[in-house]
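Trainee: Predicted model and sequence below, questions to follow.
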Amino acid sequence: MDMMKHKSLEPSDYPVLKPVFEKQPYNLSIYSLFSLIVWNTGPIRSYYIFDGDRLVISSESSMHPEDRYLILPISGRGVLTPEELHDLAVDHGYRHYRFVPGDYLDMMERKKVEHWFIISEQVGFEDYVYRTDDLMQLKGNRYAGKRNLIHQFMREYDHRDRLTVEDLKPADTDACLTFLEHWCRLRQCDQDESLACEKRALTHALTYMEILECAGVIVRIDGVISAVAIMSILHERMGVLNFEKAFSNIRGLYQFLDNECAKRLFSRYEFINKESDMNIAELAQSKKSYHPVQRIKSYCLTVR
């Protein structure tokens, strides 16, 4: 199929595509429409086209033109069979599906998938999923360290009006962008491509937060934004914590922010998806320390 017919995925497409995504069944965070749009800012670009009642989403790399793939299509008729996926990929001129959730392979039976595709795991792209109630209450010995850090933070800052926690609003955009610039200077984002990509994505999210309907939390200390978090909807039982940034020199602030996110942003969802660790050891250690109830593996399917 001619790529000219594929449309770049932009913030203005959100209202059109939102109804399609409202019943998408997958647990990997990439299937959040918000996430797909805000990360569409780097050398790897996402496109979409409707093929009947199926929304086909593709990715193309300007640096590596051969590195092109589809993610699982979203269809009002439900999940496509491996044979249907195979035919769709061939029709659209692609050889690979990426970010295929492990539960799709379980649902369709791995042997049936292997008849049509070569299966390989995408190491580092396994999503961490938590029970919202666990992160709201932080009960038990396993969360004692988190509770202690939050108590230390509160003793230091929760008096004389030093600390405020607010819902993120469009009027906060400029102040949040100033915070992000400061955070990135401290973390040297310009010297780390993954952090630079994340900065672009978060800037995109803050700039278009109204049309993208994202929800968020900001923490001010002495009137200055010191932490920002943004979530999006994956499906009716699970939300995604897409961005969580705080000044790491303030002891307990990250733990406080995380707990506030669970209480303020995810109370209507049973599960919180905190995305993958991208094979970054420090990030993996942090995500494991909150005791995920599930880890959703990600796979690549290559047409046989």
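Mentor: Nice, thanks for sending it over.
Trainee: And Ser298, how far from Val123?
Mentor: Distance of Ser298 to Val123, computed by C-beta to C-beta, to the nearest Å: 9 Å. From N, CA and C alone the C-beta is placed, and that goes for glycine too.
Trainee: Which of those two has more residues huddled nearby?
Mentor: Looking at Ser298 and Val123 with other C-beta atoms under 10 Å, you find the greater number of neighbours at Ser298, namely 20 against 11.
Trainee: just checking, the more buried one touches Gln122?
Mentor: Yes - counting by C-beta atoms under 8 Å, Ser298 touches Gln122, with 4.3 Å between them.
Trainee: So for those two, which residues contact both of them?
Mentor: Taking C-beta atoms under 8 Å, 6 or more residues apart in numbering as the contact criterion, the residues that touch both Ser298 and Gln122 are 98-99.
Trainee: Cys300 is in what secondary structure piece?
Mentor: According to DSSP states H and E, Cys300 maps onto strand 298-303.
Trainee: what does that strand rub up against?
Mentor: Contacts of strand 298-303 (C-beta under 8 Å, 6+ apart): 28, 69, 85-86, 89-90, 94-102, 105, 113, 116-122, 125-127, 276.
Trainee: how about the CA coordinates for that strand, as PDB?
Mentor: Extracted C-alpha coordinates of strand 298-303, given in PDB (Å, rounded to 0.1, in the frame of the first residue of the first chain):
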ATOM      1  CA  SER A 298       6.700  -7.400  24.300                       C
ATOM      2  CA  TYR A 299       7.400  -9.400  21.200                       C
ATOM      3  CA  CYS A 300       8.300  -8.900  17.500                       C
ATOM      4  CA  LEU A 301       6.500 -11.000  14.900                       C
ATOM      5  CA  THR A 302       8.300 -11.400  11.600                       C
ATOM      6  CA  VAL A 303       6.300 -12.700   8.600                       C
END
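Trainee: In strands only, show me the contacts of strand 298-303.
Mentor: If you go by DSSP state E, the contacts of strand 298-303 have 69, 96-101, 117-121, 127 in strands.
Trainee: Could you tell me the average pLDDT over stretch 67-82, please?
Mentor: Mean per-residue pLDDT for stretch 67-82: 93.
Trainee: can you map out the strands along the stretch 201-304 of the chain?
Mentor: Residue ranges of the strands in the stretch 201-304 of the chain, as given by DSSP state E, counting those that start in this stretch, are 215-221, 224-235, 238-246, 271-273, 294-296, 298-303.
Trainee: all strands in the stretch 1-150 of the chain, in order from the N-terminus.
Mentor: Using DSSP E, counting those that start in this stretch, strands in the stretch 1-150 of the chain cover 7-8, 44-51, 54-61, 69-70, 74-75, 96-101, 117-121, 127-131.
Trainee: thinking again about what came up before, of the strands of the stretch 201-304 of the chain, give the one that comes closest to Leu80.
Mentor: Among the strands of the stretch 201-304 of the chain, the nearest to Leu80 by C-beta to C-beta is strand 298-303 (11.6 Å).
Trainee: so what's Ser226 up against?
Mentor: Ser226 sits next to 179, 219-220, 246-247, 250, 253 when contact means C-beta under 8 Å, 6+ apart.
Trainee: Report the buried members of these.
Mentor: For the contacts of Ser226, burial is judged from neighbour counts taken by 16 or more other C-beta atoms under 10 Å, and it is met by 179, 219-220, 246-247, 250, 253.
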